[in-house]
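# following is a predicted model, sequence given first.
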Amino acid sequence: MLRKILVVNSGSSSLKFMMFDMKGEKMLAKGLVERIGSPNANLVYSRAGEPKASSPVAAPDHAAALKAVLAVLTDPAKGVLKSLKEVEAIGHRVLHGAEVFKESVKVDKAVLAKIRKLVPFGPLHMPANVGGIEACMRILPRVPNVAVFDTAFHQTMPPCAAQYALQPKYYKKYGIRKYGFHGTSHKYIVQAAAKWLRKPVSRVNLVTCHLGNGSSISAIKNGKVLDTSMGLTPLAGLVMGTRCGDIDPAVVFTVAALEKMDPARLDRLFNKESGLQGVTGVAGGDMRDICAKAAKGDEACKLALEMFGHRAAFYVGGYNTLVGGADAIIFTGGIGENSSDGREQIMKRLGALGVKIDKAANARIRGEAGLVSTKDSKIPCVVLPTNEELMIARETFALAGGR
Ligand code: AMP
């Protein structure tokens with residue numbers, strides 16, 4: 001039986017990895033190579049249950065980074081594998097599958113060529129995603145690779161949700177439509193929520209809130225995505241760490257004219273210099289720092305928290321309507337799992353849905369599954385930790401012949 005699966009998330013200057021034993025879905029080791037391409041590249045590594053250690057590595061490119069990862073995984077003292085022969089399949093996180101990939105796929109040369117064609121949909125991330133797959137194919141040629149797309153789970157959206165109210169040519173000629181992201185996390189959460197609710201996946205209606213540095217909310221009808229808050233790119237929807245989320249599109253051309261900004265500068269402004277960071281000046285818009293400052297009376301941080309909650313509650317309410325009444329509202333991601341203030345900002349605005357927050361439970365639950373609404377809340381609000389890497393490992397296991 002197929003057992004050992006490596007999960008790779010290859011970014012522009014980093015390569016994150018997790019090694020799984022699928023017997024019992026155990027994570028054996030994890031880490032990342034950071035600052036790939038720079039002389040001070042670094043390997044951070046830990047075995048399950050052990051503290052992480054950091055050491056310099058030579059990683060001029062992603063292939064070198066992957067070799068360093070394979071070396072540490074098979075290191076007699078630090079590793080978790082006797083030899084590379086134990087790596088039976090590799091799962092890759094890929095940002096964008098457009099309309100070509102509606103599900104995860106086993107990668108061969110033809111598939112890789114199709115993925116390469118999608119680089120324009122994610123010019124920042126896709127080249128690194130492709131590079132990670134190519135490196136694995138070269139270094140471990142006998143091991144199957146599976147691509148798991150961040151967009152795939154959202155491919156069930158009907159046209160009324162996915163299409164923008166633009167002339168059809170923008171969709172037909174350029175593929176401009178809503179794709180949605182964090183699909184792997186939303187999919188994992190739908191499965192976990194169905195288990196929590198003791199219902200089959202095909203019968204659950206949910207509003208799933210993945211709240212982290214990047215955040216998105218999905219409407220789940222009968223286990224499938226009906227709508228999601230991110231769009232053509234991850235810029236749309238919620239107020240995020242450094243992304244503004246929804247704004248009047250006219251803001252873009254108004255600011256462009258006022259400040260004489262070109263598209264690249266506008267991209268940076270709305271993606272990297274806005275959101276919680278833009279409103280507060282707190283680096284990265286980190287929720288912990290913003291909550292701490294808000295508690296001390298910082299007005300900008302108090303406003304940012306209210307904006308975060310207001311926008312998210314707007315989506316939860318709308319999506320609850322669209323799915324015909326949710327069986328549960330799920331919180332996940334760094335903020336959703338850990339920030340009681342962030343969750344409260346949303347739940348306190350959902351009174352019209354009959355949601356009643358359990359303040360004690362909400363204050364207590366951090367990084368673990370649990371109910372944060374009262375027993376008589378009309379819709380239960382549940383924290384469920386996400387596990388995108390395990391979801392990628394599961395998809396890889398299935399496609400590489402595990403079952
Ligand atoms: P992610 O992108 O999912 O890693 O989430 C990152 C976000 O989660 C940041 O805004 C963090 O401040 C927030 N976060 C992580 N841990 C906590 C915590 N213990 N309390 C509040 N926010 C947290």
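Yes, it's here.

# partner strands of the top strand by length along the chain, with direction?
If you go by DSSP state E, the chain has its longest strand at strand 26-34. Applying DSSP bridges to the sheet, strand 26-34 is found paired with strand 15-21 (antiparallel), strand 42-47 (antiparallel).

# for these, which one sits closest to residue 305?
Taking Cβ to Cβ, strand 15-21 is the member of the strands paired with strand 26-34 nearest to residue 305, at 29.4 Å. The C-beta positions use only the backbone N, C-alpha and C, and glycine is treated the same way.

# give me the contact list for that closest one.
By Cβ atoms under 8 Å, 6 or more residues apart in numbering, the residues outside strand 15-21 that reach it are 3-10, 26-33, 36, 62, 65-66, 69, 73, 80-81, 132, 389-390, 393.

# tabulate the CA atom coordinates of that strand in CSV.
Written as CSV, here are the backbone C-alpha positions of strand 15-21 (Å, rounded to 0.1, in the frame of the first residue of the first chain):
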residue,chain,number,x,y,z
LEU,A,15,9.8,25.9,-0.6
LYS,A,16,7.6,24.6,2.2
PHE,A,17,7.2,20.8,2.7
MET,A,18,5.5,18.2,4.9
MET,A,19,6.2,14.5,4.9
PHE,A,20,3.2,12.3,5.7
ASP,A,21,2.7,8.6,6.5
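
# and that strand, average pLDDT?
Average pLDDT, strand 15-21: 97.

# the strands paired with strand 26-34: which one's closest to the ligand?
Taking Cβ to the nearest ligand atom, strand 15-21 is the member of the strands paired with strand 26-34 nearest to the ligand, at 11.9 Å.

# and that closest one, is it in reach of the ligand?
No. Strand 15-21 is not in contact with the ligand by Cβ under 6 Å from any ligand atom; minimum separation 11.9 Å.

# any idea how far that strand is from the chain center?
16 Å (Cα atoms, centre = their mean, to the nearest Å).

# buried set for that strand?
Within strand 15-21, the residues that count as buried by 16 or more other Cβ atoms under 10 Å are 15, 16, 17, 18, 19, 20, 21.

# also stretch 302-318?
For stretch 302-318, the neighbour count (16+ other Cβ under 10 Å) marks 302, 304-305, 307-309, 311-317 as buried.

# which one of those is nearest the ligand?
Taking the buried residues of stretch 302-318 together and measuring to the ligand by Cβ to the nearest ligand atom, the closest member is residue 308, at 10.0 Å.
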